[in-house]
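[1] everything below, folded, please.
(3 chains, ligands or ions: 4)
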Amino acid sequence: MAQAHAAAADKYYIPHSSPWPIIGSASLFVLMFGVIAYLNEWLPLWVMLPGFALLIFMFVGWFSTVIGESQKGMYNLSVDRSFRMGMIWFIFSEVMFFAAFFGALFYARSLAVPWLGGEGTKIFTHALNWPSFENAWPTNGPANVGPRADGSFEIIPAFGLPAINTLILLTSGVTVTIAHHALRAGHRVMLNTFLFLTVALGFLFVYLQGVEYHHAYTELGLKLSTGIYGSTFFMLTGFHGFHVTLGAIMLLVIWFRTMRGHMTPERHFAFEATAWYWHFVDVVWLGLFIFVYWV
Amino acid sequence: MLSARKIQVILAALFAAGLAPLASAAWGDLNMPVGVTELSREIYYLHQLILWVCVVIAIAVFSVMIYSIVKFRKSQGAVPDTKMLHSTRVEIVWTVVPVLILVAMAIPAARGLMNIEDSRNVEMNVKVTGYQWKWQYEYMESGVSFFSNLDSASNAARQLQSGVDPNSVPNYLLSVDRPLVIPVGTKVRLLLTAQDVIHSWWVPDFGMKKDAIPGFMNEMWIRVDEDKPGVYRGQCAELCGRDHGFMPIVVEVKSKADFATWLAAQQAADQPPAEIAPAIVDAEQVATPNSVTTPTAG
Amino acid sequence: MATTQAHTAADHDHHDHKPHGIGRWLYATNHKDIGTMYLVFACIMFFVGGTMALIIRAELFQPGLQFVDPAFFNSMTTMHALVMIFGAVMPAWTGLANWMIPMQVGAPDMALPRLNNFSFWILPFAFTLLLATLFVPGGAPAGGWTMYPPLVLQTGDAFPFLIFAIHLMGASSILGAINVVVTVMNMRAPGVGLLNMPLFVWTWLITAYLLIATMPVLAGAVTMLLTDHFFGTTFFAASGGGDPVMFQHIFWFFGHPEVYILILPAFGIISEIIPAFSRKPLFGYGAMVYASASIAFLSFIVWAHHMFTVGMPLAGQLFFMLSTMLIAIPTGVKVFNWTATMWRGSLTFEAPMLFALSFLFLFTIGGFSGLMLAIVPADFQYQDSYFVVAHFHYVLVPGAVFAIMAAVYFWLPKWTGNMYNTALAKWHFWLSTIGVNILFFPQHFLGLAGMPRRIPDYATQFTDWNMVSSVGAFIFGFSQLMFPYIIWKCVKGGEKIGNRAWEGARGLEWELPSPAPYHSWEEAPSRELIARGAQH
Ligand code: HEA
Ligand code: HEA
Ligand code: CUA
Ligand SMILES: [Cu+2]
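    Numbering: from 1, shown residues only, chains lettered A, B, ... in the order given. Ligands and ions are numbered 1, 2, ... in the order given. Just a heads-up that it's a prediction; the model follows:
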């Protein structure tokens, strides 16, 4: 049915009005106010729930509207192109968000920690402020900031769970590509199978990441508060894990849609956008594996 | 309705009235101080150079603009030359000429900077620690150490609606209970750090300011001219909270002999043991790890 | 939503019905309605931020503390800057982009209309959070708009408000910028080529890239502040191996491009207005495009010129000095091209042109003081003094803000179909130009004489120039009340104008009727129209 109408959409579709954006803004406000009230210890944690629920409601509503319009064939190729460009630049902005944290990691490793250890131009920093500190990585700083009384901590070796996780994500990148080819070739069963595999691998990654965090928190003395190593480690892997979760949910939605027969070999922006997002999450992980876990 | 011309005349008069104080103020009050150190003079001359380069370029550019505004008015019958679209030649000229001017500015600037960063042959070290809202000075070699607070007269006058006229307080907001004392003609290195938040140590007459950052140690050096003993004043120059405006810096520069007397008197007076003295090393030597201060940030 | 579904592709004809009532604004998807909301919001925030500035100037009229507590003064400084930058100037640019870009590139609307609504409506909520801090325990943020740790971590309950307000503003800017990029890249009518689109579109396109690249970095920076404050991370504390200066690097990696975000669209506006009132095409169109792109590129590698006093290694100081000085070259190219556009033109001096000329002179002055600040040894004296305050207000107020006013006076007749009261507009111009100079020129002297910025009280030798500056502030500030008044009157009525409000105006927007129809180019403009409007 989608194809039948597509020809009619010779004009660039402009929605006449929509309640979703303002519901979205309001939900962000309520959610953030909830978080603020919690952080300021004004109210307990559950105050973020209403905002969160409203946000989910908004996403469901907004995307349902868009999917409905798309299925009715209201979007011509130009609209499709707008969506694609929009998604690409959105992903680019996400890349820059991660860049801030990678920047912090590189700055700490190659400037701040060496300076505190007396290298470069800051010998007095070391001599007068932190005479017993040595430049090394990983570190939780000259004051050995961390949960254990003696300030020690252990790190997660790269070639354990993280390497397995790398394999999982790389494989999921392959499966989503196979699904894409299947979609373009019209092999719906293969599409559904490989898409499902991708979703499963995504959630498996998140699960293993959870196992790793649990291990770090309960046994290694490695927490968010374990000096600069803990800070950069958890912020980078944490935001990444959050993005994987989002990506996996997106893939799941796409899977439900392909199961219902959405997406055609020619027109499947939603699928592609999600796949791009997935690849982005994948590439970020490679950066993490190399710079956070390995070298 | 007033005519545009009349409006212009009235407003021009207003403008002139606004700028009247310019005429009465001496040039010295409007410009950067020349200062009392070799570096401050170098910086002053660099400032003069770039200022005048900018003024000259401004006069040139503004003249062309004003000429166009006066000459090419439609009301004067000017006819637009719509064929004048671009010219690679002039584009090149007005790219290359500024490049040359910038190079001419960058050379003395880079030279001055190297001079400033050259901390060889330091003769004396003072550790300066910023606190909310006071400074601590520790003479590394002699162990003399004290805090320097806003003086009480300024402090009384600066309270909200204190009723005290600031003009009646000598050196309002620029005086302290205990100034930093240094000798003339001596290369004094300041080692700057802070206890709580970032502060910045600035005495305009010395030409320099540098941030005092908690957990880190910055350096800067001063050598006041032999013939310029005196009292020099400055202020904290990095927003550091509520009383950022009220942590002045006063430096008393004494002749070498007077300084020696002063220092001896300080050491004789009840001073805490000189625990920081051994920590100091020259920039060329690498710091020894057995020095004694405790970490300052926690 | 009901309306959304009622309209399918087939019954796309009854376009001209506008939605009515409050829903028209809450659910808006029309670029003009959204543009209007942005502009109104910006205007309100300009007065809010300006009122804070007047509190600052009132306290600084004399030495001694007359009106406010020092902590509140610091809050005013901080909030003034945040409100002006994120609440007034940036939304004003987005509002103008919304109104003009579709009209200038021959598009029916912005590419992603619902997203457009989202970008706008985030803003009032973000500023509700920010301004609410004036009433929370511990007072509004007072650590400066630059939010340096460790000081900013001392903020009271306002702290998370500040962080999340910044997150929301950032989200709004990023989404708005994506919309601009997509509109320009995808919605140009056939025949509107990249190299013949108006410069306002060009500079906004470049601005949008800057926004997409830097706002997420700011979001990252404030997120690290948040976790340092609440979750025990030590990004910015030496004890854990971090560094307070690291924040400054990340912040200015955003912050410096940010100042070009504020000024690049202004360059675009001036490049539209000067040719229109010189009755002559812009001189050196291609050079202007390349200069804008160079400025944007350079803006990413100069950030540490805000940090010359933090004790960077010598090589770093030299690098950032030289790269900063380079920006004078493309900016000079722009100034020279504008001047060449007036050369052998046929000039008239209506309000938009007056503001543009004022921009030309005063922005250049601000640029020169910027260049002086770039010279490291001299910056050791200038840094954190009123010389810096003078510099950036020259580029921001007679720079960015005057360009916004010029743009509004230029296009207001197109928006409303009416001509405004031109005599009043000229009064507004003269009072503004004179007021702004009395306000900010003396601050150069104060800075050179040694007055630090961000202080509520000062030594008595600074009294005279502070008084002059404060008088200027009140002249300037109260003259601005004329602006909304003139606009309001114009919206209500006035002399009707034709399609082309100004004799020399060229461009697709002037081919549309005045007031512009609710939907801009439902049918793409013909090639003749495009050729007639082309800049060169
Ligand atoms: C719209 C905003 C805007 C713009 C356009 C600029 C433009 C420039 N700025 Fe400015 N700046 C700010 C906003 C802006 N700035 C703000 C807000 C701050 C303070 C932030 C804070 O601390 O709170 C600041 C601070 C600031 C500093 C830090 C000062 C300090 O804290 O110590 C420096 C230092 O290098 C600097 C430099 C420059 C330079 C070199 C330019 C150049 O782009 C200027 C180029 C223009 C010209 C030079 C004039 C025209 C050129 C010619 C006519 C050609 C011929 C000229 C020559 C060859 C000389 N700026
Ligand atoms: C686009 C940005 C922008 C704009 C437009 C302005 C506009 C103005 N700014 Fe400011 N300013 C900054 C950006 C800007 N500023 C920044 C970034 C800082 C640095 C902050 C920091 O240090 O962290 C700063 C800091 C700053 C200081 C230094 C504070 C300090 O260091 O302690 C001062 C002091 O004079 C000042 C003054 C002014 C004035 C008088 C105006 C005038 O142009 C304002 C004009 C006034 C009005 C438009 C208001 C009119 C109002 C009325 C007439 C009342 C009517 C009332 C109602 C209708 C309710 N600003
Ligand atoms: Cu200490 Cu400002
Ligand atoms: Cu800058």
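[2] secondary structure class of residue B:251, three-state.
    Following DSSP: H, G, I helix; E, B strand; the rest coil, we place residue B:251 in the strand state.
[3] name the SS class of residue A:279, please.
    Using three-state DSSP, the structure places residue A:279 in helix.
[4] count of residues packed around it?
    For residue A:279, the count of nearby residues is 17 (other CB atoms under 10 Å in any protein chain shown). In short, each C-beta sits where N, CA and C put it, glycine included.
[5] swap in residue A:240?
    When neighbours are counted by other CB under 10 Å, residue A:240 registers 21.
[6] what's the answer for residue C:75, then?
    Using other CB under 10 Å, residue C:75 has 23 neighbouring residues.
[7] element containing residue B:138?
    Assessed by DSSP states H and E, residue B:138 sits inside strand B:134-139.
[8] chain neighbours aside, what residue packs nearest to whichever residue of chain B sits closest to chain C?
    Evaluated by CB to the nearest CB, chain B has residue B:215 as its residue closest to chain C, separated by 2.4 Å. With CB to CB, 6 or more residues apart in numbering or on different chains as the criterion, residue B:215 has its nearest non-adjacent residue at 2.4 Å, and that residue is residue C:238.
[9] buried sites along stretch B:217-231?
    By neighbour count on 16 or more other CB atoms under 10 Å in any protein chain shown, the buried set for stretch B:217-231 is B:217-224, B:229.
[10] in strands, which of those residues appear?
    Among these, the residues falling in strands (DSSP state E) are B:218-222.
[11] of the residues you listed, which is the nearest to chain A?
    residue B:219 (6.4 Å).
[12] tell me the pLDDT of that closest one.
    On the pLDDT scale, residue B:219 is placed at 93.
[13] go ahead and confirm it touches residue B:188.
    No: Residue B:219 is beyond contact range of residue B:188, at 11.0 Å (criterion: CB atoms under 8 Å).
[14] so which bits of chain A are right by ligand 2?
    Neighbours of ligand 2 within chain A, by CB under 6 Å from any ligand atom: none found.
[15] so where's chain A shaky on pLDDT?
    For chain A, applying pLDDT under 70 flags the ranges A:1-9.
[16] do the same with chain B
    Flagging of chain B using pLDDT under 70 yields the residue ranges B:1-29, B:270-298.
[17] show me the strands in it, by range?
    Ranges of strands in chain B, per DSSP E, are B:124-131, B:134-139, B:145-148, B:180-183, B:188-194, B:199-203, B:208-212, B:218-222, B:230-236, B:248-254.
[18] how many other residues sit next to the closest residue to residue B:223 other than its chain neighbours?
    Computed as CB to CB, 6+ apart, the closest residue to residue B:223 that is not its neighbour in sequence is residue B:187, at 4.7 Å. Neighbourhood size, residue B:187 [other CB under 10 Å]: 14.
[19] residue C:171 too?
    For residue C:171, using other CB under 10 Å, the count is 21.
[20] again, but for the one 3 residues further on
    For residue C:174, the tally of surrounding residues (other CB under 10 Å) stands at 26.
[21] for the helix or strand hosting it, name the packing helices and strands.
    Per DSSP H and E: residue C:174 is located in helix C:158-186. Counting contacts by 3 or more CB pairs under 8 Å, 6 or more residues apart in numbering or on different chains; DSSP states H and E, helix C:158-186 packs against helix A:20-39, helix A:77-107, helix C:90-105, helix C:113-132, helix C:199-230.
[22] let me see the ranges of the helices in the stretch 151-298 of chain B.
    Per DSSP state H, counting those that start in this stretch, the stretch 151-298 of chain B carries helices over the ranges B:152-157, B:256-268.
[23] the first one near chain C at all?
    Meaning helix B:152-157. Yes: counting by CB under 8 Å from any CB of the partner chain, chain C is contacted by helix B:152-157 at residue B:157.
[24] show me which residues of chain C sit near ligand 2.
    For chain C, the residues in contact with ligand 2 (CB under 6 Å from any ligand atom) are C:46-47, C:50-51, C:53-54, C:56-57, C:77-78, C:80-81, C:84-85, C:89, C:144-146, C:389, C:393, C:396-397, C:400-401, C:439, C:453-454, C:473, C:476-478, C:480-481.
[25] and those residues near chain B, which?
    Answer for the residues of chain C next to ligand 2 near chain B (CB under 8 Å from any CB): C:144, C:454.
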